[in-house]
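Peer 1: Build me a structure from this.
(2 chains)
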Amino acid sequence: MKAILTDVTKCIGCFECVTACKTSHNLSNDVPRKWHRNDGLSAQNWSSIVQRPDNHYVRKQCRHCLEPACVSVCPVAALITTNTGAIIYDPDKCIGCRYCMIACPFGIPRYDWEEPVPYIRKCDFCHDRTTRGLQPACTEACPNGATIFGERDELLSEAHRRIAAEPDKYLDTVFGEHEMGGTAVLYISDIDLGFLSYPARRETPALPETTHLAMSAVPPTFIGMGALMGGLYWFCKRRDALAGKDKDKS
Amino acid sequence: MNRVKTFKTILWAITGLAVAFGAARMIFGLGAVSNLSDATPWGIWKGLNVVPGIALAAGGFVVTAVIYIMRREEFHRYAKITVLLAFLGYITAATALVAELGLPWMVWHPIIYWQHHSALFEVSWCVMLYLTVLFLEFLPTPLESTGSLAAIRRFLTKYKLVLVFLGVMISTLHQSSLGTMFLITPDKLHGLWYSSLLPILFFVSAVAVGPLMLILAVLTISALYRKPIETDILAKLAGASAIVLGLFGLIRLIDLAANGKLGLAFDGSGSAVVFLIEFTIGVLLPVAILSVKRLRRSQAGLWVAAIAGVMGIGLHRANIAGIQLVHTGPTYVPTIYEIGISLGIISAAILAFLFCVERFRMWETPWEDPRQAPEAAPEFDRVADVWLGTPRIAGRTVYSLVFIVALAAGLAIVSTDRIESSGIKEVRAVPARGGDTLFVDGNLDGYGVSFAHKAHVDREGGNASCSRCHHMSLPHDQQSGCATCHSGMYTAADVFRHDWHAGPDGGNLTCNMCHATDRERSAESAKTCDECHKDLIPTNAQITVKQYMAPSYTDAMHGVCIQCHEQKAQQLAGKESLARCATCHGQRQTEYLPAGVYEQFRDTSFNRVITPPMATGGQSDGKDAE
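Peer 2: Just a heads-up that it's a prediction; the model follows:
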């Protein structure tokens, strides 16, 4: 299980990660469009830097949740979790329903709105690079070690080590450790990062669990409804027969 | 029949517009015709046609269950209408989905790519199956009048009960799964609408509103074709509907109270007002009307209750499917094209509905005068030389004309300008301000670059170095700022004024002075600016003007700075940071901004937009600096 740890206090906002991401994915130039959300992410920008007050720069990218809502809602399994923990997208399966965009608690997936043949666009954890033993383009490009790549449990202990070493500097949270069931992209920071997700619900169960019960009730409902209707039919037929107005079913 | 004709003419016009808009949507993509965005990926098509539409089509399974399973023979006369209504309702939803899906030709993918955790997977399977069931349920009706294929009709009629059972079972699943779809959005959906009971609420509201929609359809056709209304039978159906609607209201209130969210309804916010409106017209009003026996048996009462119920539950669904989902980003207001497509799909469905009503025997009760029946074929009385009833061909001429005119008008409205611009927001660039240090902030968002102009001049070698960056001034103006020509912040601007050059008040040039004689006269075959305006270009200018389109302000500024910065970053030790964005793009400086501008760019969720310069595209850096 791979992960990225971003130390917000170390980021100098140089955009090397953003540029490396664009270069390695061959993403074209980006101009503000009416359909952009204003966090810098777009179909042509899979990672961005959100500037916060007092020289704070916060990387924004797909969080690669351990229990991803997008994967659980995709009706055609176009989004899947790989064994490295990356959530990758198969454009050949996608039907363009955009349910993943509705479901994502971090508002990450973006759409090719200007294309007649549009696809979902988001960070793919540099899946082709990590499978070749390389690290993602963004972490490789970082000149300051602010965003690093590694095994998730190692990076988690590293994060806790840094917080323990300088408790005054950091907030006592590893963002992404438990959030939304845990994410592969972790942050430690001196400012609150609640703005990265929709109205923050920190220690809550992962989103797929919200639909799990309802979805598992589907087969019993199907059978149950059939049985209920069958019983009702038998009852009504019997009632009519007793009432002496025996009719054939029409 | 004039009323019918007027009604249908309007529907044909809307359909024509929608076909034009739909073609534009398919050819140019979603961004060109819609206001859908990364913040609101689902719009009016989902919020009006799909999610409420499926509920309104629920009459298909509810009423057939009442007729065939509960054996309530008195409703049998509506069996065909309710099946047709459901069939067309589902086709409406499916068509809207085709407009809405990014890759509609892949709509069948859930058949081969399974993902059983997804509520949408379940919904799409059920809708496909149920459409088939509805088709088979409906098929005997048109076959009835043709007389052919009687074997198929007899077979389908014989096994009708199987289809009814399947219809109920499949509908139960997808009506509730439609609610399950929104269980995944606990953080986005407003508290008054989010509930873990959404699947149950969706199912109950569908059961309640399906018959109301049938009543509305029966009332409408009865009014259109002047058919007597059997209020006593409709009243029974409406009464049953009211009970279910009341149950729906009760579940909602209890659920809100149990979760302690009832207070949200009275906190005075916009959402609370919408909730109160929705609950009043969707639940309280119809239940109140329908619980009074006298009102229930009156036409007016049925009309009001049916419309209120349908609108209220429709609003409830629309709220969940979009209106009450929070988002950060551009506010969604559907474009005229989206509204046109949405209404056009509904219009086409109503037209198909009226077609079936007129052609097939949808009514179980015979008319007193058979020629009065809408389905009666018009006759030509040779003796009197007149048509009895409306000759169908007469209507067809008008409808075709209206449809074609609307289609043409629609194609005219969808201007190519809008499509080619693909929604790039036009931002006018403004000149840099300041003295020795210039503040370059073309779009006035406060995030500009403090450019040490004097320091650069000194470093590059005094006055002789101007031409490294400055390349051309306008005639009679030695101080043109960059923004004069590079006037679009993100879009290229045409700076060539043909009338100034060719007009007698301007240069009074003849065509051949700029255009080559043996070629078509175009911008490509004309001279470049610098061939004539040598005096306007500084000596040894590094940038020459080869084209009439001035690149965008962003591209021009980046083009002029980045090349040198990147070179110096490599050449000079300890100056690596020169190549980084943050070196120039620093903190926000609001003191430069005119009053009111800061608020315009203020964003509550994020501090600013950062669109980084391009490394790979190649379009931004090169052109101006050639």
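Peer 1: Please make it C-alpha for all contacts and neighbour counts, starting now.
Peer 2: Fine.
Peer 1: Buried residues in stretch B:405-418, which are they?
Peer 2: B:406-407, B:410-411, B:414 (16 or more other CA atoms under 10 Å in any protein chain shown).
Peer 1: would CSV of those residues with distance to B:Phe380 and secondary structure be doable?
Peer 2: Shown next, in CSV, are these (distance: CA to CA, whole Å; DSSP: H, G, I helix; E, B strand; the rest coil):
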residue, distance to B:Phe380, secondary structure
B:Ala406, 31, helix
B:Leu407, 33, helix
B:Gly410, 37, helix
B:Leu411, 39, helix
B:Val414, 43, coil
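Peer 1: Can you give the domain ranges for the chain?
Peer 2: I went with chain A, as the question did not name one. A:2-208, A:217-242 (automatic domain parsing).
Peer 1: actually chain B
Peer 2: Using automatic domain parsing, the domain parsing of chain B gives B:34-334, B:433-625.
Peer 1: Count the residues that sit near the nearest residue to B:Gly309 once chain neighbours are set aside.
Peer 2: Closest residue to B:Gly309 apart from its sequence neighbours, by CA to CA, 6 or more residues apart in numbering or on different chains: B:Gly282 at 4.6 Å. Neighbour count of B:Gly282, defined by other CA atoms under 10 Å in any protein chain shown: 28.
Peer 1: From B:Arg317, how far out is B:Gly282?
Peer 2: 11 Å (CA to CA, to the nearest Å).
Peer 1: Equivalent analysis for B:His456, please.
Peer 2: From B:His456 over to B:Arg317 (counting by CA to CA), the distance is 61 Å.
Peer 1: Between these two, tell me which one has more neighbours.
Peer 2: B:Arg317 (27 against 15).
Peer 1: For the helix or strand harbouring B:Tyr90, give me every contacting residue.
Peer 2: With elements taken from DSSP states H and E, the one containing B:Tyr90 is helix B:79-100. Around helix B:79-100, the neighbours that count as contacts under CA atoms under 8 Å, 6 or more residues apart in numbering or on different chains are A:97, B:22, B:25-26, B:42, B:45-46, B:49-51, B:53-54, B:56-61, B:63-64, B:67, B:104, B:107, B:127, B:131, B:134-135, B:137-138, B:141, B:214, B:342, B:345-346, B:349, B:352-353, B:362-363.
Peer 1: still on that earlier bit, of the domains of chain A, which approaches chain B most closely?
Peer 2: With CA to the nearest CA as the measure, domain A:2-208 is the member of the domains of chain A nearest chain B (3.8 Å).
Peer 1: Give me the average confidence score over the closest one.
Peer 2: In this model, domain A:2-208 has a mean pLDDT of 89.
Peer 1: Distance across that domain, terminal residue to terminal residue?
Peer 2: 21 Å.
Peer 1: of all the domains of chain A, which gets the most neighbours per residue?
Peer 2: Highest mean neighbour count among these (mean count of other CA atoms under 10 Å in any protein chain shown): domain A:2-208, with a mean of 20.
Peer 1: Hmm, B:Ala348 is touching B:Ala13, no?
Peer 2: No: under the criterion of CA atoms under 8 Å, B:Ala348 is not in contact with B:Ala13, lying 10.0 Å apart.
Peer 1: Check which helices and strands the longest helix that chain A contains is in contact with.
Peer 2: Ranked by residue count and defined by DSSP state H, the top helix of chain A is helix A:218-242. If you count contacts as 3 or more CA pairs under 8 Å, 6 or more residues apart in numbering or on different chains; DSSP states H and E, helix A:218-242 packs onto helix B:160-180.
Peer 1: contacting residues for the most centrally placed residue in chain B?
Peer 2: Taking CA atoms, centre = their mean, the centroid of chain B lies closest to B:Glu338, which sits 4.0 Å from it. By CA under 8 Å, 6+ apart, the contact list for B:Glu338 reads B:21, B:33-34, B:44-45.
Peer 1: how about those, which pair is most distant?
Peer 2: Spanning the widest gap among those are B:Phe21 and B:Ile44, at 14.5 Å by CA to CA.
Peer 1: Give me the subset of the contacts of B:Glu338 that lies in helices.
Peer 2: Using DSSP H, those in helices are B:21, B:33, B:44.
Peer 1: thinking the second one is in contact with B:Ala24, fair?
Peer 2: So that's B:Val33. Yes: if you go by CA under 8 Å, B:Val33 and B:Ala24 touch, sitting 7.1 Å apart.
Peer 1: There's contact between B:Arg25 and B:Ala18 in this structure, I believe.
Peer 2: No: contact status for B:Arg25 versus B:Ala18: not in contact, 10.1 Å apart, counting by CA under 8 Å.
Peer 1: quick one, which of the two is more surrounded?
Peer 2: More neighbours surround B:Ala18 than the other of B:Arg25 and B:Ala18, with 27 against 23 (other CA under 10 Å).
Peer 1: Chain neighbours aside, what residue packs nearest to the more buried one?
Peer 2: Leaving out its chain neighbours, the residue that sits closest to B:Ala18 by CA to CA, 6+ apart is B:Ile341, at 4.4 Å.
Peer 1: Ok, B:Trp114 next?
Peer 2: A:Val76 is the one closest to B:Trp114 (CA to CA, 6+ apart), at 5.7 Å.
Peer 1: what secondary structure does the one you found sit in?
Peer 2: Three-state assignment for A:Val76 (DSSP: H, G, I helix; E, B strand; the rest coil): coil.
Peer 1: residues contacting it?
Peer 2: Applying CA under 8 Å, 6+ apart, the residues near A:Val76 are A:93-95, B:109-110, B:113-115, B:121.
Peer 1: I'd like the distance between it and B:Ile243.
Peer 2: From A:Val76 across to B:Ile243, the span is 39 Å (CA to CA).
Peer 1: do the same with B:Thr544
Peer 2: From B:Thr544 to B:Ile243 the distance is 79 Å (CA to CA).
Peer 1: Give me the more crowded residue out of those two.
Peer 2: B:Thr544 (20 against 15).
Peer 1: Can you pull the poorly scored residue ranges out of the stretch 51-200 of chain B?
Peer 2: B:145-147 (pLDDT under 70).
Peer 1: is it fair to say A:Tyr57 lies in a helix?
Peer 2: No: using three-state DSSP, the secondary structure at A:Tyr57 is strand, not a helix.
Peer 1: Would you confirm that it contacts A:Gln51?
Peer 2: Yes: using CA under 8 Å, A:Tyr57 is in contact with A:Gln51, at 4.7 Å.
Peer 1: show me the residues around B:Leu295 that make contact.
Peer 2: B:289, B:301-302.
Peer 1: With A:Lys237 instead?
Peer 2: Counting by CA under 8 Å, 6+ apart, A:Lys237 has contacts B:70-71.
Peer 1: swap in A:Thr221?
Peer 2: B:172-173.
Peer 1: what's the distance between it and A:Leu213?
Peer 2: Taking CA to CA, one finds A:Thr221 at 12 Å from A:Leu213.
Peer 1: Show me which of the ones in helices among the contacts of B:Glu338 is closest to chain A.
Peer 2: Out of those, the member with the shortest distance to chain A (by CA to the nearest CA) is B:Val33, at 9.7 Å.
Peer 1: Look up the pLDDT of the closest one for me, please.
Peer 2: Value for B:Val33, per-residue pLDDT: 86.
Peer 1: gap between it and B:Gly340?
Peer 2: 11 Å.
Peer 1: Which parts of chain A are helices?
Peer 2: A:16-24, A:69-73, A:99-103, A:127-131, A:137-141, A:152-165, A:208-216, A:218-242.
Peer 1: Fine by me, we can end here.
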